[in-house]
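In: generate a structure from the sequence data that follows.
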Amino acid sequence: MTDAVSKDWVLRQRAYRYRCVRDRRVQTLTEARAFVDDLGFVHFWPIKDVELPNLFHAIAGCARPVPMEHDDADMSKCWGWKDSSLGQRWWYYGKLLRRRATLVSLEVLPYFYALSENFGSLDDYLQEYEDGLMTAEARAIYEALLELGPLDTVQLRREARMSAESAKSRFDRALSELQVGLKVMPIGVAEAGAWNYAFTYEIVQRHLPELPEQARSIGRGEARRHLVRRYLDNVIAADRKMIAKVFHVLKWTPRELEHVVSVLIDEREVREVRIEGMRTPHLVSVRALENLH
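Out: Numbering: from 1, shown residues only. As a prediction, this is how the structure comes out:
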């Protein structure tokens, strides 16, 4: 284990990477695309107790609370740019890490896909269902999209036979399940529902047909290492508990995570260090440590 580094240094490096400084804040949609491409994957909003950069703070240029006012300038940009990006194939947008809205660059997306239960066929879901890895509600939603093509949320609830108010929570859980599994994704916004605003969903591999082939040659071990390395490059330092928390939906075992860490240390991509004032040792990006010296 190397000598300790200061917590202030970690926080300064993070702020720079996250663009949480006024002179590096994201000010245009083009810059938002570059931000996601640079970091690889970010949350849309900040998530409490989860260390991950997010688009809202990058637009604000600081770590500020998410406002309740709809006319807030930073929030309007964040929401508007997300809506205008849907269907553009600029990035993956959908519920993923921590089951919350996540933006993933198309360069990194194959590594997530390689860790999913998808193997490149539109009927892969049948085996998942047989194995008890997919709920009946998720199957109904997926099959509605498979048969009818893109549908907005109102249409999708009707076709999946979950239009009743009593079925709303089951529908929402199933839709999240399908997004986390990289099976469906929002590709547009429709004027539908009580608020005249509803996502339109499509099957991921129909919207991004090249994705299965891009992921085919990536082994699960390689995918895990790539994502953890990319994560540490962005957050600068994290302990094993936080890494496991961030990637929880990918269902890594403690043994798999420890193997990833060991290999990255052996390959000198990360180092284990003490952070002043922190009890547990942290894993730090070697690229970030190079800036320290």
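In: end to end, how far does stretch 91-108 reach?
Out: Distance across stretch 91-108, first residue to last, is 9 Å (C-alpha to C-alpha, to the nearest Å).
In: now it: buried residues?
Out: 91-98, 100-106, 108 (16 or more other C-beta atoms under 10 Å). For glycine as for every other residue, the C-beta is placed from the backbone atoms N, C-alpha and C.
In: average pLDDT for that stretch?
Out: Mean pLDDT, stretch 91-108: 98.
In: got it, and stretch 227-234?
Out: The model assigns stretch 227-234 a mean pLDDT of 97.
In: and for stretch 285-293?
Out: Stretch 285-293 comes out with an average pLDDT of 81.
In: any idea which helix or strand carries the closest residue to residue 188 other than its chain neighbours?
Out: Once flanking residues are discounted, residue 188 sits nearest to residue 200: 4.1 Å by C-beta to C-beta, 6 or more residues apart in numbering. For residue 200, the host element (DSSP states H and E) is strand 198-203.
In: and the next helix or strand past that strand?
Out: Immediately after strand 198-203, counting by DSSP H and E, sits helix 204-207.
In: buried stuff in the helix or strand that that following helix is followed by?
Out: Using DSSP H and E, the helix or strand that follows helix 204-207 in sequence is helix 211-216. For helix 211-216, burial by neighbour count (16+ other C-beta under 10 Å) applies to 211-212, 214-215.
In: what is the nearest of the residues you listed to residue 245?
Out: residue 215 (24.2 Å; C-beta to C-beta).
In: ok, now how distant is that closest one from residue 92?
Out: Here residue 215 is placed at a distance of 12 Å from residue 92 (C-beta to C-beta, to the nearest Å).
In: beta partners of the spatially most central residue of the chain?
Out: Nearest to the mean C-alpha position of the chain, by C-alpha atoms, centre = their mean, lies residue 102 at 3.5 Å. In this entry, residue 102 is beta-bridged to residue 43, residue 94, by DSSP bridges.
In: got the contact list for it?
Out: 41-44, 92-96 (C-beta atoms under 8 Å, 6 or more residues apart in numbering).
In: using CSV, lay out those together with distance to residue 240.
Out: Below are the contacts of residue 102 laid out as CSV (distance: C-beta to C-beta, whole Å):
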residue, distance to residue 240
41, 19
42, 21
43, 20
44, 26
92, 26
93, 29
94, 27
95, 24
96, 21
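In: after the lowest-mean-pLDDT helix or strand in the chain, next one along is what?
Out: When the helices and strands of the chain are scored by mean pLDDT, DSSP states H and E, strand 2-5 comes last with a mean of 74. Sequence-wise, the next helix or strand downstream of strand 2-5 (DSSP H and E) is helix 7-18.
In: enumerate the positions of that next one that are buried.
Out: Buried-residue list, helix 7-18, by 16+ other C-beta under 10 Å: 9-10, 13-15, 17-18.
In: again with stretch 175-195
Out: So, applying 16+ other C-beta under 10 Å, buried residues of stretch 175-195: 175-187, 189-190, 192.
In: which of these fall in helices?
Out: Members of the buried residues of stretch 175-195 lying in helices (criterion: DSSP state H): 175-180.
In: what's the closest of the residues you listed to residue 234?
Out: residue 180 (20.8 Å).
In: ignoring the adjacent residues along the chain, who's closest to that closest one?
Out: In space, residue 180 is closest to residue 249, 5.0 Å off (C-beta to C-beta, 6+ apart).
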